[in-house]
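In: Structure for the following, please:
(one chain, ligands or ions: 2)
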Amino acid sequence: PKKIIIDTDPGQDDAVAILLALASPEEIEVLGITSVAGNVPLALTTLNARKVCELAGKPDTPIYAGCDRPLAHTLVTAEHVHGKTGLDGPDLPDPTMPVQDQHAVDFIIDTLRAQPPGTVTLCPLGPLTNIATALQKAPDIAARIREIVLMGGAYFEVGNITPAAEFNIYVDPEAADIVFKCGAPIVVMPLDVTHKALVTTARNEAFRALGTDVGYAVAQMTDFFERFDKEKYGSDGAPLHDPCVTAYLIQPDLFTGRFVNVEIETQSDLTRGMTVADWWHVTDRPRNATFMGDIDADGFFTLLTERLARL
Ligand code: BDR
Ligand code: CA
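Out: Ligands and ions are numbered 1, 2, ... in the order given. The predicted structure is shown next:
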């Protein structure tokens, strides 16, 4: 299996991404989960990560708390999407599993140094603060990363938190800039992909029909998540952004994209956090990321439902 660290700000869609990874031990070994401030403040994202691991029946998963604010800006949160707790929808019990003593950034650094080079994949599902801080503190780790597979950014879909920017990149564009320049192989799941991974009524019923705690909880999460997107975009169901990352690790052929140059806007007030992807290769800027553009949505939901049934 691929050894991964999930860096996350749960978030209903983060929760589903974590469940999918924990349900797939043949393909994915979760070395640890690192929390970051994003959808809600750090204390809540850390709490939610613990709730999700216990829901999955995997309380031995090590969880590390990370950075509580972006590198250069005040934290922007998304309670308007995820609810006050960040994980509104299901009523999950208070967790008893611990948070590790080590800081998430140090866990990321130590893990990359301890494991053979090129064997650890980073999976950021929130703002890139922890990953960038680790790269700043220990530049040697960049060359040891197998791949960074992240949810963030947009090209044709442009933005969701501002007209120009996607939430994860917008919250900490300075961090994103560091990550996109670090030299490690990067795969991006932008809104162009995730806005095609919609939980339609039928797909949500399939979760519920699993008849398990996990199936019900996921259905309740996506029910809650959907309210916002239906109202806001009139879309047929909530986009499951973050699970695209963990699905890619299991079945990469569900996705297609292009290896392009991606730069992050950090200066402009108007377009801060924009991912400027050279989709048509109109510059000579070096290619640094595989920017996905399409997904086999039916295949993705078949995989997800089948895997959730295992928990
Ligand atoms: C991203 O922002 C968060 O609200 C979601 O969890 C996802 O990671 C989508 O823009
Ligand atoms: Ca997220």
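
In: Strands of the stretch 201-311 of the chain, start to end?
Out: 238-239, 255-260, 262-264, 275-277, 289-295 (DSSP state E, counting those that start in this stretch).

In: which other helices and strands contact the shortest one?
Out: Using 3 or more C-beta pairs under 8 Å, 6 or more residues apart in numbering; DSSP states H and E as the contact criterion, the elements in contact with strand 238-239 are helix 12-22, strand 198-199, helix 213-233. C-beta coordinates here come from the backbone N, C-alpha and C atoms, glycine included.

In: Where among the strands of the stretch 201-311 of the chain is average confidence lowest?
Out: With a mean of 90, strand 238-239 has the lowest mean pLDDT of these.

In: Just the residues contacting that strand, thanks.
Out: If you take C-beta atoms under 8 Å, 6 or more residues apart in numbering as the criterion, strand 238-239 is touched by 12-13, 191, 194-199, 222, 225-226, 228-229.

In: picking that back up, ok, which of the strands of the stretch 201-311 of the chain comes nearest ligand 1?
Out: strand 238-239 (7.7 Å; C-beta to the nearest ligand atom).

In: burial count for the residue of the stretch 51-200 of the chain found nearest ligand 1?
Out: Nearest residue of the stretch 51-200 of the chain to ligand 1, counting by C-beta to the nearest ligand atom: F167, 3.7 Å away. Neighbourhood size, F167 [other C-beta atoms under 10 Å]: 25.

In: Give me the local confidence score for the residue of the stretch 201-311 of the chain found nearest ligand 1.
Out: For the stretch 201-311 of the chain, the residue closest to ligand 1 is H241, as judged by C-beta to the nearest ligand atom, at 4.0 Å. For H241, the model assigns a pLDDT of 97.

In: Could you list which residues are in contact with R146?
Out: Counting by C-beta under 8 Å, 6+ apart, R146 touches 2, 118-121, 185.

In: and it, that's in a strand?
Out: Yes - under DSSP: H, G, I helix; E, B strand; the rest coil, R146 sits within a strand.

In: quick one: C244 and I18, what's the gap?
Out: Relative to I18, C244 is positioned 13 Å away (C-beta to C-beta, to the nearest Å).

In: what's the burial count for N130?
Out: Per other C-beta under 10 Å, the neighbour tally for N130 reads 30.

In: surely it meets G38?
Out: No - N130 is beyond contact range of G38, at 10.2 Å (criterion: C-beta atoms under 8 Å).

In: so what's the residue lying closest to F107 once chain neighbours are set aside scoring on pLDDT?
Out: Of all residues not flanking F107 in the chain, Y64 sits nearest, at 4.5 Å (C-beta to C-beta, 6 or more residues apart in numbering). What the model reports for Y64 is a pLDDT of 99.

In: List just the one of the strands of the stretch 201-311 of the chain that sits closest to E27.
Out: strand 255-260 (15.0 Å; C-beta to C-beta).

In: Against R287, how distant is the residue nearest to V276 when sequence neighbours are not counted?
Out: Ranked by C-beta to C-beta, 6+ apart and with sequence neighbours excluded, the top spatial neighbour of V276 is E263, at 4.7 Å. Distance, E263 to R287, by C-beta to C-beta: 11 Å.

In: Among the contacts of strand 238-239, which one has the most neighbours?
Out: Using other C-beta under 10 Å as the neighbour criterion, Q12 leads the contacts of strand 238-239 with 31 neighbours.

In: what sits against that one?
Out: Residues near Q12 by C-beta under 8 Å, 6+ apart: 82, 87-89, 221-222, 224-225, 238.

In: Out of those, which is nearest to Q251?
Out: Set against Q251, the nearest of the contacts of Q12 by C-beta to C-beta is T222 (20.3 Å).

In: pull the CA atoms of the lowest-mean-pLDDT helix or strand in the chain into CSV?
Out: Taking mean pLDDT, DSSP states H and E as the measure, the helices and strands of the chain show their lowest mean at helix 213-233, namely a mean of 85. Written as CSV, here are the backbone C-alpha positions of helix 213-233 (Å, rounded to 0.1, in the frame of the first residue of the first chain):
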residue,chain,number,x,y,z
ASP,A,213,-23.3,3.6,11.2
VAL,A,214,-20.9,4.9,8.6
GLY,A,215,-23.5,4.8,5.8
TYR,A,216,-26.0,6.8,7.9
ALA,A,217,-23.4,9.3,9.1
VAL,A,218,-22.1,9.9,5.5
ALA,A,219,-25.7,10.4,4.2
GLN,A,220,-26.4,12.9,7.0
MET,A,221,-23.1,14.7,6.3
THR,A,222,-23.9,15.1,2.6
ASP,A,223,-27.5,16.0,3.4
PHE,A,224,-26.2,18.9,5.4
PHE,A,225,-23.5,19.9,3.0
GLU,A,226,-26.0,19.8,0.1
ARG,A,227,-28.2,22.6,1.6
PHE,A,228,-25.6,25.2,0.9
ASP,A,229,-24.8,24.1,-2.6
LYS,A,230,-28.4,23.6,-3.7
GLU,A,231,-29.2,27.1,-2.5
LYS,A,232,-26.1,28.7,-3.8
TYR,A,233,-25.4,27.0,-7.1
